[in-house]
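>>> Structure for the following, please:
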Amino acid sequence: MVSLRLPPPLRRRPVPVLLGVAVVLALLGVVLWAPATRGQERLSGSLTLSTGAPSGVYARYGTLLQSQLAREAPDLDITLRGSAGSVENIERLVSGEADFAIATADSLASYQAAGGEGADTLLACARLYDDYIQLVVRADSPVESAADLAGLRVGVGQDQSGVQLVTRELLAAAGLDMDRDITAVRQGINTTPTMLEAGRIDAFFWSGGLPTSAVERLAGHSDVRLVPLGDLVPALRGEDGSYRDHYRAAVLPPDAYPDIAGSQVIDTVAVANLLVTTDRVDAALAEQMTRSVINGRDRIGSQVHAAQRVDLRTAIYTQPLPLHPGAREYYRSAKS
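Next up, the predicted model:
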(Lines give C-alpha, C1' and ligand atoms only; values in the text may rest on other atoms or scores of the structure.)
Protein backbone atom coordinates (compact mmCIF):
# COMPACT_ATOMS: atom_id res chain seq x y z
CA MET A 1 0.00 0.00 0.00
CA VAL A 2 1.35 3.37 -1.01
CA SER A 3 0.75 6.24 1.35
CA LEU A 4 0.50 9.83 0.09
CA ARG A 5 2.39 12.21 2.35
CA LEU A 6 2.17 16.00 2.03
CA PRO A 7 4.73 18.12 3.79
CA PRO A 8 3.13 19.82 6.80
CA PRO A 9 4.41 23.33 5.90
CA LEU A 10 2.38 23.34 2.66
CA ARG A 11 -0.82 22.86 4.63
CA ARG A 12 -0.18 25.70 7.04
CA ARG A 13 1.32 28.28 4.65
CA PRO A 14 -1.79 29.54 2.74
CA VAL A 15 -3.49 31.23 5.70
CA PRO A 16 -0.62 33.51 6.77
CA VAL A 17 0.37 34.22 3.14
CA LEU A 18 -3.15 35.33 2.21
CA LEU A 19 -3.41 37.33 5.40
CA GLY A 20 -0.11 39.06 4.64
CA VAL A 21 -1.22 39.90 1.12
CA ALA A 22 -4.46 41.35 2.47
CA VAL A 23 -2.56 43.54 4.94
CA VAL A 24 -0.21 44.80 2.22
CA LEU A 25 -3.13 45.61 -0.07
CA ALA A 26 -4.94 47.40 2.74
CA LEU A 27 -1.89 49.49 3.56
CA LEU A 28 -1.36 50.27 -0.11
CA GLY A 29 -4.97 51.37 -0.34
CA VAL A 30 -4.46 53.79 2.56
CA VAL A 31 -1.32 55.21 0.96
CA LEU A 32 -3.04 55.70 -2.39
CA TRP A 33 -6.22 57.10 -0.86
CA ALA A 34 -4.64 59.61 1.52
CA PRO A 35 -3.08 61.99 -1.02
CA ALA A 36 -6.20 61.93 -3.17
CA THR A 37 -8.38 63.10 -0.32
CA ARG A 38 -5.94 65.38 1.54
CA GLY A 39 -7.37 68.90 1.69
CA GLN A 40 -10.55 67.86 -0.12
CA GLU A 41 -13.00 68.08 2.77
CA ARG A 42 -16.58 68.61 1.69
CA LEU A 43 -17.06 72.21 2.74
CA SER A 44 -20.48 73.72 3.27
CA GLY A 45 -21.94 76.92 4.64
CA SER A 46 -21.76 80.48 3.36
CA LEU A 47 -19.11 83.14 2.84
CA THR A 48 -19.01 86.73 1.65
CA LEU A 49 -16.34 88.08 -0.70
CA SER A 50 -16.06 91.88 -0.88
CA THR A 51 -14.81 93.05 -4.28
CA GLY A 52 -15.00 96.53 -5.83
CA ALA A 53 -16.63 98.82 -8.38
CA PRO A 54 -18.69 97.10 -11.10
CA SER A 55 -16.44 98.38 -13.91
CA GLY A 56 -13.22 97.49 -12.12
CA VAL A 57 -11.02 94.41 -12.11
CA TYR A 58 -11.86 93.49 -8.49
CA ALA A 59 -15.48 92.84 -9.41
CA ARG A 60 -14.63 90.80 -12.49
CA TYR A 61 -12.02 88.79 -10.65
CA GLY A 62 -14.47 88.11 -7.81
CA THR A 63 -17.13 86.82 -10.21
CA LEU A 64 -14.68 84.41 -11.84
CA LEU A 65 -13.29 83.25 -8.49
CA GLN A 66 -16.86 82.59 -7.34
CA SER A 67 -17.32 80.37 -10.41
CA GLN A 68 -14.10 78.48 -9.64
CA LEU A 69 -15.20 77.90 -6.05
CA ALA A 70 -18.57 76.63 -7.26
CA ARG A 71 -16.73 73.95 -9.25
CA GLU A 72 -14.45 72.88 -6.41
CA ALA A 73 -16.69 73.38 -3.37
CA PRO A 74 -20.28 73.19 -4.69
CA ASP A 75 -21.83 73.11 -1.22
CA LEU A 76 -20.50 76.57 -0.37
CA ASP A 77 -22.91 79.49 -0.75
CA ILE A 78 -20.83 82.45 -1.96
CA THR A 79 -22.07 86.05 -1.88
CA LEU A 80 -20.24 88.82 -3.73
CA ARG A 81 -20.48 92.40 -2.45
CA GLY A 82 -19.36 95.37 -4.49
CA SER A 83 -17.54 98.17 -2.69
CA ALA A 84 -15.75 101.47 -3.13
CA GLY A 85 -12.46 99.57 -3.00
CA SER A 86 -9.64 98.50 -0.72
CA VAL A 87 -10.31 100.72 2.29
CA GLU A 88 -13.97 99.73 2.52
CA ASN A 89 -13.02 96.08 1.98
CA ILE A 90 -10.63 96.18 4.92
CA GLU A 91 -13.30 97.74 7.13
CA ARG A 92 -15.78 95.03 6.14
CA LEU A 93 -13.29 92.32 7.06
CA VAL A 94 -12.51 93.62 10.53
CA SER A 95 -16.20 94.31 11.25
CA GLY A 96 -17.22 90.80 10.21
CA GLU A 97 -19.31 91.96 7.22
CA ALA A 98 -17.05 90.00 4.86
CA ASP A 99 -15.02 86.81 5.17
CA PHE A 100 -12.66 87.51 2.27
CA ALA A 101 -11.79 90.63 0.29
CA ILE A 102 -9.32 92.03 -2.20
CA ALA A 103 -7.16 94.94 -1.07
CA THR A 104 -3.95 96.66 -2.10
CA ALA A 105 -0.80 96.17 -0.06
CA ASP A 106 -0.43 99.92 0.56
CA SER A 107 -3.99 100.21 1.89
CA LEU A 108 -3.34 97.36 4.31
CA ALA A 109 -0.01 98.79 5.47
CA SER A 110 -1.59 102.22 5.92
CA TYR A 111 -4.39 100.69 7.99
CA GLN A 112 -1.82 98.92 10.16
CA ALA A 113 0.30 102.05 10.56
CA ALA A 114 -2.75 104.02 11.67
CA GLY A 115 -3.56 101.42 14.34
CA GLY A 116 -6.85 100.53 12.68
CA GLU A 117 -9.24 98.48 14.79
CA GLY A 118 -8.73 94.76 14.22
CA ALA A 119 -5.59 95.26 12.15
CA ASP A 120 -3.92 92.40 14.01
CA THR A 121 -6.66 89.99 12.88
CA LEU A 122 -5.94 90.46 9.17
CA LEU A 123 -4.27 87.59 7.31
CA ALA A 124 -3.61 86.87 3.65
CA CYS A 125 -4.35 83.94 1.37
CA ALA A 126 -2.46 85.01 -1.75
CA ARG A 127 -0.79 87.79 -3.65
CA LEU A 128 -2.98 88.11 -6.73
CA TYR A 129 -1.75 90.64 -9.29
CA ASP A 130 -0.45 94.20 -9.46
CA ASP A 131 -2.52 97.33 -9.84
CA TYR A 132 -1.10 99.91 -12.24
CA ILE A 133 -1.74 103.58 -11.49
CA GLN A 134 -3.26 105.30 -14.50
CA LEU A 135 -3.67 109.05 -14.97
CA VAL A 136 -6.03 109.59 -17.92
CA VAL A 137 -6.51 112.89 -19.76
CA ARG A 138 -7.95 113.96 -23.11
CA ALA A 139 -5.45 113.79 -25.95
CA ASP A 140 -5.39 117.59 -26.35
CA SER A 141 -4.84 118.23 -22.63
CA PRO A 142 -1.83 120.37 -21.63
CA VAL A 143 -1.13 117.99 -18.72
CA GLU A 144 2.23 116.24 -19.20
CA SER A 145 2.94 115.33 -15.57
CA ALA A 146 1.09 115.05 -12.28
CA ALA A 147 2.42 118.48 -11.24
CA ASP A 148 0.46 120.01 -14.16
CA LEU A 149 -2.83 119.07 -12.45
CA ALA A 150 -2.65 122.16 -10.21
CA GLY A 151 -5.93 124.09 -10.40
CA LEU A 152 -7.70 121.41 -12.46
CA ARG A 153 -10.73 119.20 -11.83
CA VAL A 154 -9.43 115.72 -11.12
CA GLY A 155 -11.23 112.45 -10.45
CA VAL A 156 -9.46 111.06 -7.39
CA GLY A 157 -11.51 107.93 -6.68
CA GLN A 158 -14.31 107.30 -4.26
CA ASP A 159 -13.96 107.78 -0.53
CA GLN A 160 -12.83 104.49 1.09
CA SER A 161 -11.06 103.43 -2.09
CA GLY A 162 -7.44 102.48 -2.57
CA VAL A 163 -7.46 104.76 -5.61
CA GLN A 164 -7.97 107.82 -3.45
CA LEU A 165 -5.25 106.76 -1.03
CA VAL A 166 -2.60 106.35 -3.75
CA THR A 167 -3.82 109.48 -5.56
CA ARG A 168 -3.23 111.56 -2.46
CA GLU A 169 0.28 110.13 -2.13
CA LEU A 170 1.11 110.63 -5.81
CA LEU A 171 -0.05 114.24 -5.73
CA ALA A 172 2.02 114.86 -2.60
CA ALA A 173 5.04 113.37 -4.36
CA ALA A 174 4.37 115.87 -7.17
CA GLY A 175 4.24 118.75 -4.68
CA LEU A 176 0.45 119.10 -4.64
CA ASP A 177 -2.08 118.85 -1.83
CA MET A 178 -5.20 116.98 -2.89
CA ASP A 179 -7.47 119.13 -0.73
CA ARG A 180 -6.02 122.52 -1.69
CA ASP A 181 -4.23 122.46 -5.03
CA ILE A 182 -6.79 120.71 -7.23
CA THR A 183 -10.56 120.42 -7.38
CA ALA A 184 -10.89 116.87 -6.11
CA VAL A 185 -13.84 115.05 -7.68
CA ARG A 186 -14.48 112.07 -5.42
CA GLN A 187 -15.83 109.74 -8.07
CA GLY A 188 -14.65 106.32 -9.20
CA ILE A 189 -14.18 104.35 -12.38
CA ASN A 190 -17.93 103.92 -12.88
CA THR A 191 -18.39 107.61 -13.65
CA THR A 192 -15.05 109.35 -14.29
CA PRO A 193 -14.53 108.12 -17.88
CA THR A 194 -17.91 109.56 -18.90
CA MET A 195 -17.17 112.77 -16.98
CA LEU A 196 -13.83 113.17 -18.76
CA GLU A 197 -15.41 112.59 -22.16
CA ALA A 198 -18.12 115.16 -21.41
CA GLY A 199 -15.57 117.77 -20.26
CA ARG A 200 -16.84 117.81 -16.66
CA ILE A 201 -13.38 116.89 -15.34
CA ASP A 202 -9.88 117.44 -16.74
CA ALA A 203 -8.29 114.16 -15.67
CA PHE A 204 -8.84 111.12 -13.51
CA PHE A 205 -6.71 108.66 -11.59
CA TRP A 206 -7.35 104.95 -11.58
CA SER A 207 -5.54 102.07 -9.90
CA GLY A 208 -6.33 98.69 -11.40
CA GLY A 209 -5.20 95.58 -13.23
CA LEU A 210 -4.50 95.65 -16.93
CA PRO A 211 -6.52 96.21 -18.92
CA THR A 212 -9.35 97.90 -17.03
CA SER A 213 -12.51 97.56 -19.11
CA ALA A 214 -13.80 101.08 -18.36
CA VAL A 215 -10.57 102.67 -19.61
CA GLU A 216 -10.54 100.30 -22.57
CA ARG A 217 -14.07 101.32 -23.57
CA LEU A 218 -13.27 105.02 -23.18
CA ALA A 219 -10.27 104.69 -25.47
CA GLY A 220 -12.42 102.89 -28.04
CA HIS A 221 -14.59 105.94 -28.73
CA SER A 222 -12.71 108.95 -27.31
CA ASP A 223 -9.24 110.39 -27.98
CA VAL A 224 -7.42 110.09 -24.66
CA ARG A 225 -3.91 109.44 -23.42
CA LEU A 226 -2.09 108.31 -20.29
CA VAL A 227 0.26 110.62 -18.38
CA PRO A 228 3.58 109.06 -17.20
CA LEU A 229 3.98 108.82 -13.43
CA GLY A 230 7.30 107.00 -13.13
CA ASP A 231 9.17 110.20 -12.22
CA LEU A 232 7.30 110.25 -8.89
CA VAL A 233 8.64 106.91 -7.61
CA PRO A 234 11.70 108.31 -5.73
CA ALA A 235 9.62 110.91 -3.88
CA LEU A 236 6.78 108.43 -3.37
CA ARG A 237 9.08 105.95 -1.66
CA GLY A 238 10.53 108.56 0.70
CA GLU A 239 11.11 108.14 4.40
CA ASP A 240 7.59 109.10 5.47
CA GLY A 241 5.13 106.21 5.77
CA SER A 242 6.45 102.64 5.65
CA TYR A 243 3.59 101.57 3.39
CA ARG A 244 5.24 103.48 0.55
CA ASP A 245 7.64 100.55 0.27
CA HIS A 246 4.81 98.72 -1.47
CA TYR A 247 4.97 101.02 -4.49
CA ARG A 248 7.34 100.12 -7.30
CA ALA A 249 8.30 101.50 -10.68
CA ALA A 250 6.49 99.77 -13.56
CA VAL A 251 5.58 100.24 -17.20
CA LEU A 252 2.25 100.07 -18.96
CA PRO A 253 2.94 97.84 -21.97
CA PRO A 254 1.61 98.95 -25.36
CA ASP A 255 -0.75 95.99 -25.63
CA ALA A 256 -2.57 97.00 -22.43
CA TYR A 257 -4.46 99.74 -24.27
CA PRO A 258 -3.51 99.67 -27.96
CA ASP A 259 -5.97 102.49 -28.74
CA ILE A 260 -4.15 104.76 -26.29
CA ALA A 261 -0.47 103.95 -26.20
CA GLY A 262 0.14 102.88 -29.76
CA SER A 263 3.64 101.41 -29.69
CA GLN A 264 4.87 103.29 -26.62
CA VAL A 265 5.47 102.07 -23.08
CA ILE A 266 4.40 104.44 -20.31
CA ASP A 267 6.28 104.68 -17.01
CA THR A 268 4.03 104.43 -14.00
CA VAL A 269 3.68 103.03 -10.47
CA ALA A 270 2.40 99.60 -9.41
CA VAL A 271 1.20 98.07 -6.14
CA ALA A 272 0.25 94.48 -5.29
CA ASN A 273 -3.27 93.23 -4.61
CA LEU A 274 -3.84 90.60 -1.95
CA LEU A 275 -6.67 88.21 -1.20
CA VAL A 276 -7.29 88.95 2.47
CA THR A 277 -9.20 87.30 5.29
CA THR A 278 -9.09 87.27 9.11
CA ASP A 279 -8.12 84.87 11.87
CA ARG A 280 -11.84 84.15 12.41
CA VAL A 281 -11.99 82.14 9.18
CA ASP A 282 -11.61 78.38 9.49
CA ALA A 283 -8.34 76.91 8.19
CA ALA A 284 -10.09 74.48 5.83
CA LEU A 285 -12.05 77.32 4.22
CA ALA A 286 -8.95 79.49 3.80
CA GLU A 287 -7.12 76.51 2.32
CA GLN A 288 -9.90 75.92 -0.21
CA MET A 289 -10.05 79.58 -1.17
CA THR A 290 -6.30 79.59 -1.78
CA ARG A 291 -6.51 76.37 -3.80
CA SER A 292 -9.21 77.87 -6.01
CA VAL A 293 -7.11 80.98 -6.64
CA ILE A 294 -4.21 78.87 -7.90
CA ASN A 295 -6.29 76.23 -9.70
CA GLY A 296 -8.38 78.91 -11.40
CA ARG A 297 -5.48 80.98 -12.68
CA ASP A 298 -5.79 79.97 -16.32
CA ARG A 299 -9.59 80.17 -16.44
CA ILE A 300 -9.68 83.50 -14.63
CA GLY A 301 -6.63 84.81 -16.49
CA SER A 302 -8.26 84.18 -19.86
CA GLN A 303 -10.73 86.96 -18.99
CA VAL A 304 -8.78 89.01 -16.44
CA HIS A 305 -5.34 89.25 -18.00
CA ALA A 306 -3.70 90.52 -14.82
CA ALA A 307 -4.56 87.24 -13.09
CA GLN A 308 -2.26 85.31 -15.43
CA ARG A 309 0.62 86.31 -13.16
CA VAL A 310 -0.75 84.42 -10.15
CA ASP A 311 1.38 81.38 -9.35
CA LEU A 312 2.86 79.43 -6.45
CA ARG A 313 6.17 81.29 -6.64
CA THR A 314 4.69 84.75 -6.16
CA ALA A 315 1.43 84.07 -4.30
CA ILE A 316 3.18 83.55 -0.96
CA TYR A 317 4.65 87.07 -0.89
CA THR A 318 1.82 88.79 0.96
CA GLN A 319 3.58 91.61 2.81
CA PRO A 320 2.51 93.38 4.94
CA LEU A 321 0.30 90.48 6.13
CA PRO A 322 1.29 86.99 7.25
CA LEU A 323 -0.33 84.01 5.57
CA HIS A 324 -3.43 82.45 7.08
CA PRO A 325 -2.57 78.98 8.50
CA GLY A 326 -4.97 77.39 6.01
CA ALA A 327 -3.25 79.12 3.09
CA ARG A 328 0.14 78.10 4.45
CA GLU A 329 -1.02 74.48 4.60
CA TYR A 330 -2.14 74.64 0.98
CA TYR A 331 1.22 75.96 -0.22
CA ARG A 332 3.05 73.37 1.85
CA SER A 333 1.02 70.51 0.39
CA ALA A 334 1.18 71.90 -3.17
CA LYS A 335 4.97 71.96 -3.07
CA SER A 336 5.38 68.53 -1.47
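>>> pretty sure residue 229 is touching residue 170, no?
Yes. The criterion here is CB atoms under 8 Å, and residue 229 meets it with residue 170 at 6.4 Å. Heads up, the C-betas are built off the backbone N, CA and C, glycines and all.
>>> Any chance you could list residues touching both of the two?
Listed as contacting both residue 229 and residue 170 by CB atoms under 8 Å, 6 or more residues apart in numbering are 133, 146, 269.
>>> among these, which are in strands?
133, 269 (DSSP state E).
>>> Would you tell me which one of the shared contacts of residue 229 and residue 170 comes nearest to residue 55?
Using CB to CB, residue 133 comes nearest to residue 55 of the shared contacts of residue 229 and residue 170, at 16.8 Å.
>>> ok, the closest one touching residue 205?
Yes. Using CB under 8 Å, residue 133 makes contact with residue 205 at a distance of 6.8 Å.
>>> still on that earlier bit, so which of the shared contacts of residue 229 and residue 170 is the closest to residue 181?
Nearest member of those to residue 181, counting by CB to CB, is residue 146, at 10.8 Å.
>>> Now for the closest one: which residues touch it?
135, 170, 171, 173, 174, 176, 227, 229, 232.
>>> Now render those as a markdown table, adding neighbour count.
As requested, those are exported to a markdown table (neighbours: other CB atoms under 10 Å):
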| residue | neighbour count |
| --- | --- |
| 135 | 24 |
| 170 | 26 |
| 171 | 24 |
| 173 | 22 |
| 174 | 19 |
| 176 | 20 |
| 227 | 19 |
| 229 | 25 |
| 232 | 25 |
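>>> Which of the residues you listed fall within helices?
170, 171, 173 (DSSP state H).
>>> so which of the residues you listed comes closest to residue 286?
Using CB to CB, the ones in helices among the contacts of residue 146 come closest to residue 286 at residue 170, 33.3 Å.
>>> show me the residues around residue 172 that make contact.
residue 178.
>>> Just the strands from the stretch 51-200 of the chain, written as ranges.
Using DSSP state E, counting those that start in this stretch, the strands found in the stretch 51-200 of the chain span residues 76-81, 100-104, 122-138, 153-155, 183-185.
>>> Now do residue 271 against residue 88, distance only.
Distance of residue 271 to residue 88, computed by CB to CB, to the nearest Å: 17 Å.
>>> The stretch 1-150 of the chain: helices as residue ranges?
8-12, 14-37, 57-72, 86-95, 105-113 (DSSP state H, counting those that start in this stretch).
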